[in-house]
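**Student:** Have a look at this prediction, sequence included:
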Amino acid sequence: MKIKTQLFTLIILLVSTLTFGQEKLEPKILILSPNETKYEKSFEKEITEYNNSLVKSENTVETEVYLKSEDFLSQPENIQQMIKSEIEFAKNVDFFKYASSISEQFLTYRFFEKFPNLLIILKDQKSDGSLSNLKSISEDDKFQYVLNFSKIELYKVDNIGYAKIKIQLFDGISNAIILDKSYIGDWNNPGFEFACTNESINCTINNALSKALNDIVYTIAINSPTLKKEKQLSQERLKVLLNKYLNKDFDEQFLKTILTDYNDNPFQLLLNNDKTKFVAFYIEQVSSQDFKDLTKNKKDKNVKIISPNDIKDKEFLEEIPRTYAYIIKAVKHNDKWYYEKSNVTYFQANSINEGKEQYFNNLQHWNFFKKNSTEFNPDFWETKLFEKVPDLKKDPDWDKYGNDMWMSDEINNRDYVGLYEVVASSLRKNNSKENLKFENRIKKQVLDNSYQMLKENQPDDYSKISEHSLIFSKYRKLAINPVLISNKKGVKTIHYFVAFDNSKELYEWVYFKPLIIEGNLFGSEVVSQIGSLTEWNFSVDNLNDEKFWNQYVLSKQGDDFKYLKKINE
């Protein structure tokens, strides 16, 4: 386990997208090392090999540098404590302590979204499992919960490997062991988050833990004061939605004048005060279908399936729930309506009325209510369903991620910053359609015929022409086509051809000298060359830098282009 272990790398990824104040830490869980371990002799070789394969973390220079780094010090205090505990625990890790590490990873992942101020610490300490000992540990370390692995045993039955793990969860508030149970797992690969090498000792631990950890999450959740309050508030909000909004009269004719391409009847409509935004709710019972049928019908691009069956069960794929619901959200912009179908969901309901109530309750997750209140939130019309395109350069993490991860998105967003996503999405789709039309037109009018003539008339120089994507601005007046040309001797060079809309003439852009390359992949070299002149890569929809086009492509010397050489027909 090196400094950037899988465990605390996960924590960094979880916390990197969130900012929050330091509030009360919840839940506080201390995870101990297994107290007693036992295994049959047949497992000795595999356990020894596993332990020998571990690279135990030590207080290396690399560790010290990381703990003083900006990356580490920028994390909240609770996250720093968790990372430090992982580093310390890794010093003496072995196969059986692997159960403690996996538990910390899983519990962090499950609790973090709801409790970013959680504190889950690993400690290389054992407990005999007695109430007095667990209470003492809880009080000494000031943790509400202590997770103890009383005993881990490996054994075989009918040549199949098993692990039996006895779990204890102590709660310092009630001063009681609130979970005391043994879990058994075989050595078959369970897949998903507990995937492992089939018929390995790791799988026995993973299978046992997959059952135990879900029980631990549930037990802590039902004891959480925060979640109890949230549950009560959720029930109160549901009553408000059902009594005040679900069956409220609405103007269905208003929708029909806007949604001319939809024939379905909504069961409710939410309209803002100035009638410039709305959300329409739809539901129906659909015919039976399995997952294969669903992927074939192409009715919707993105769907959510809420099934009574677990995704691991065969039944999950064999029968999709038959209650089908969705919303249409819309915004009026410059006297034109923009709308889109979204939040498509298949779920199980005993009746249409029950389905309406279930689906309408999604409003709780869509910022419909003020924080900790049952009152309507005016920000509903500006958040969640009605978010605006952000200016990524104003993001506090721009300096950290901008140039490497967000550059393409930032460039593609520039024309839409500040617009509602519903509007921007429609404009993007229209832009993509127009881009495709332009590409097809340029290829048909100029490129296809010109390339064929070059190969026929100058076969020694143009034995083969491999094209890359066209590069052009949103004005679509001309396009650059990077190509890889192979001559008769097999030498491959990158060239750039330029075609103008509504013209059959072809030019070569000669700003760069032809670059000789090996192999057939040349996209990265194109990005490097053009990227030296402007912000661009192949993920950018349109190259809209006027300086690039005017200075490096269309610049003239007298009446002639400086960097464009006309290709003789």
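**Tutor:** Nice, I can see it.

**Student:** Please tell me how far residue 427 sits from residue 444.
**Tutor:** Residue 427 sits 26 Å away from residue 444, going by CB to CB, to the nearest Å. Glycine gets a C-beta too; all of them are placed from N, C-alpha and C.

**Student:** neighbours around the residue lying closest to residue 128 once chain neighbours are set aside, how many?
**Tutor:** Of all residues not flanking residue 128 in the chain, residue 35 sits nearest, at 6.5 Å (CB to CB, 6 or more residues apart in numbering). A total of 18 residues lie near residue 35 under the criterion other CB atoms under 10 Å.

**Student:** May I have the predicted confidence score for residue 35?
**Tutor:** For residue 35, the pLDDT comes out at 95.

**Student:** got a list of what it touches?
**Tutor:** Counting by CB atoms under 8 Å, 6 or more residues apart in numbering, residue 35 touches 126-129, 148-151.

**Student:** Go again with 6 Å.
**Tutor:** Residue 35 makes contact with 126-127, 150 under the criterion CB atoms under 6 Å, 6 or more residues apart in numbering.

**Student:** out of those, which are buried?
**Tutor:** Among those, the ones that count as buried by 16 or more other CB atoms under 10 Å are 126-127, 150.

**Student:** Pick out whichever of those residues sits closest to residue 221.
**Tutor:** residue 150 (22.6 Å; CB to CB).

**Student:** how far away is the closest one from residue 133?
**Tutor:** Relative to residue 133, residue 150 is positioned 11 Å away (CB to CB).

**Student:** so where's the stretch 401-550 of the chain shaky on pLDDT?
**Tutor:** Counting by pLDDT under 70, the stretch 401-550 of the chain contains no low-confidence range.

**Student:** Quick check: closest non-adjacent residue to residue 166.
**Tutor:** residue 150 (4.1 Å).

**Student:** which residues does residue 497 bridge with?
**Tutor:** Per DSSP bridges, the residues bridged to residue 497 are residue 481, residue 508.

**Student:** was I right about it contacting residue 482?
**Tutor:** No - using CB atoms under 6 Å as the test, residue 497 is too far from residue 482 to be in contact (8.3 Å).

**Student:** What are the buried residues along stretch 170-187?
**Tutor:** 170-172, 177-179, 183-187.

**Student:** Out of those, name the ones that lie in strands.
**Tutor:** If you go by DSSP state E, these have 170-171, 177-179, 183-186 in strands.

**Student:** From those, pick the one nearest residue 224.
**Tutor:** Of all those, residue 171 has the smallest distance to residue 224: 11.1 Å, by CB to CB.

**Student:** ok, now how distant is the closest residue to the closest one other than its chain neighbours from residue 109?
**Tutor:** Excluding the flanking residues, the one nearest residue 171 by CB to CB, 6+ apart is residue 178, at 4.7 Å. For residue 178, the distance to residue 109 equals 22 Å [CB to CB].

**Student:** ok, now residue 270?
**Tutor:** Here residue 270 is placed at a distance of 34 Å from residue 109 (CB to CB).

**Student:** Specify which residue of the two has the higher count of neighbours.
**Tutor:** residue 270 (21 against 14).

**Student:** Name the residues linked to the more buried one by a beta bridge.
**Tutor:** residue 279.

**Student:** pretty sure it is touching residue 279, no?
**Tutor:** Yes - under the criterion of CB under 6 Å, residue 270 makes contact with residue 279 at 4.6 Å.

**Student:** Spit out the residues that contact these two alike.
**Tutor:** The contact sets of residue 270 and residue 279 do not overlap (CB under 6 Å, 6+ apart).

**Student:** In the stretch 51-200 of the chain, where is pLDDT below threshold?
**Tutor:** Filtered on pLDDT under 70, the stretch 51-200 of the chain yields the residue ranges 55-61.

**Student:** What segments of it are helices?
**Tutor:** According to DSSP state H, counting those that start in this stretch, the stretch 51-200 of the chain carries its helices in the segments 61-67, 70-73, 77-89, 98-112, 131-141.

**Student:** Tell me which stretches of the stretch 451-569 of the chain form helices.
**Tutor:** Under DSSP H, counting those that start in this stretch, the stretch 451-569 of the chain gives helices at 523-531, 546-547.

**Student:** Just say which of the ones you listed is most tucked in.
**Tutor:** The highest mean neighbour count among these, using mean count of other CB atoms under 10 Å, belongs to helix 523-531: a mean of 16.

**Student:** Show me the strands in the stretch 351-500 of the chain, by range?
**Tutor:** For the stretch 351-500 of the chain, the strands defined by DSSP state E, counting those that start in this stretch cover 464-467, 478-486, 492-500.
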